[in-house]
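Trainee: model the structure of this input:
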Amino acid sequence: MVDNQKTWKTKRRTRNTRRRQRLGWLSGSIGATLVAAVLFVPGQESFHALGPMNTGHAEVQCSACHVKAPGTFRQQMQANARFALGLRSEPADFGLQNVNHDACIDCHQRDNDRHPVFRFNEPRFAEARRNLQPETCISCHQEHSGVRVTVAKTYCSECHGELEMKSDPLDVSHQVLVAEARWESCLGCHDFHGNHVRDTPTEIAAALAEAEIEDYFEGGDSPYSERKVYRATATERPIEVLAREEVEAGGGGTAAGGGAAP
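Mentor: Numbering: from 1, shown residues only. Here you go, the predicted model:
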């Protein structure tokens, strides 16, 4: 009789434990589903994004850069397990692919960029690569920062410390500016990527003020010019071509080079 009572109590405790486990699992599943619904439905990206989009990217969809990683969930798990055991040289992307500057190039590539990232892979820029990593877009334009540029304004010093010019057009020679380490003045005259339609000043007094450059880095209007040579598009075409296509499509358009690029 006593043994039967103990057995019955044991079974009851087991049933209660399993009931609590099921309730816990069900509650957790419902909670996780609700959280996922809130975080990942369209329009709720700001809840799980690393930060605000950079200047000019407000309309870019998450999926434009964050694409699904190759392989199934199981394959990705196996690949990373092999990497952890030393049986694979590199880890595998899990869930989504790691975003690199190739995603930037897809929209921003253009032929006459004054400082294309691939150029910094040349051996002479080895030190700059160690210090600044200019061979990648995100070294200067870290996404989800809510600004336009995320590097110090004096970055020109990484490559132009031994600058020499045979015929210097500036009233204060570049050698003097370099010798005095006035690196903040570089961007006062020079548009780094050369995408703005603007004449380069020949007098240092006509250079943009440091505060104007700072405001531009933070996402303000361009102090160089409202006119751009190229617009960032998935097919990256000169603005003259875009304007002509708009006219041909009956949408109006602007004169060559005179449109207000985004």
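Trainee: how far away is His66 from Val60?
Mentor: 11 Å (CB to CB, to the nearest Å). For glycine as for every other residue, the C-beta is placed from the backbone atoms N, C-alpha and C.
Trainee: end-to-end on stretch 65-76?
Mentor: 20 Å (CA to CA, to the nearest Å).
Trainee: now that stretch, how far from the centre of its chain.
Mentor: Here the centre of stretch 65-76 is set off from its chain's centre by 20 Å, with CA atoms, centre = their mean, to the nearest Å.
Trainee: contacts for that stretch, please.
Mentor: 79, 92-97, 99, 103, 143 (CB atoms under 8 Å, 6 or more residues apart in numbering).
Trainee: could you rerun that using 10 Å?
Mentor: 45, 49, 57, 77-79, 91-100, 102-104, 106-107, 143 (CB atoms under 10 Å, 6 or more residues apart in numbering).
Trainee: quick check: mean pLDDT of it?
Mentor: Averaging pLDDT along stretch 65-76 yields 90.
Trainee: tell me the buried residues in that stretch?
Mentor: 65-66, 69, 76 (16 or more other CB atoms under 10 Å).
Trainee: what's the answer for stretch 131-150, then?
Mentor: Here stretch 131-150 shows 132-141, 143, 145, 147-149 as buried, counting by 16+ other CB under 10 Å.
Trainee: likewise stretch 147-166?
Mentor: Buried residues in stretch 147-166, defined by neighbour count with 16+ other CB under 10 Å: 147-149, 153, 155-159, 163.
Trainee: need those in TSV with pLDDT, can you?
Mentor: Output for the buried residues of stretch 147-166, formatted as TSV (pLDDT from 0 to 100):
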residue	pLDDT
Val147	97
Arg148	96
Val149	97
Lys153	91
Tyr155	94
Cys156	95
Ser157	95
Glu158	94
Cys159	95
Leu163	88
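Trainee: what is the nearest of those to His190?
Mentor: Of all these, His190 sits closest to Cys156, with 8.2 Å by CB to CB.
Trainee: format the buried residues of stretch 65-76 as CSV; extra columns: secondary structure and distance to Trp183.
Mentor: Below are the buried residues of stretch 65-76 laid out as CSV (DSSP: H, G, I helix; E, B strand; the rest coil; distance: CB to CB, whole Å):
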residue, secondary structure, distance to Trp183
Cys65, coil, 31
His66, coil, 35
Ala69, coil, 40
Gln76, helix, 44
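Trainee: between those, which sits nearest Gln175?
Mentor: Using CB to CB, the buried residues of stretch 65-76 come closest to Gln175 at Cys65, 41.7 Å.
Trainee: state the distance from that closest one to Val147.
Mentor: Computed as CB to CB, the Cys65 to Val147 distance reads 17 Å.
Trainee: same thing with Ala128?
Mentor: Ala128 is 22 Å from Val147, by CB to CB.
Trainee: now swap in Pro223 and tell me
Mentor: 15 Å.
Trainee: next one: Val172
Mentor: Distance of Val172 to Val147, computed by CB to CB: 30 Å.
Trainee: just say helix, strand or coil for Arg124.
Mentor: helix (DSSP: H, G, I helix; E, B strand; the rest coil).
Trainee: what about it, neighbour count?
Mentor: Number of residues near Arg124 (other CB atoms under 10 Å) recorded here: 8.
Trainee: looks like it contacts Glu158 (just checking).
Mentor: No - taking CB atoms under 10 Å as the definition, Arg124 is not a contact partner of Glu158, at 11.7 Å.
Trainee: ok, back up a step: now, which of the buried residues of stretch 131-150 lie within strands?
Mentor: Within those, no residue falls in strands by DSSP state E.
Trainee: out of those, what pair is the most spread apart?
Mentor: Most distant of the buried residues of stretch 131-150, by CB to CB, are Glu135 and Val147, 21.3 Å apart.
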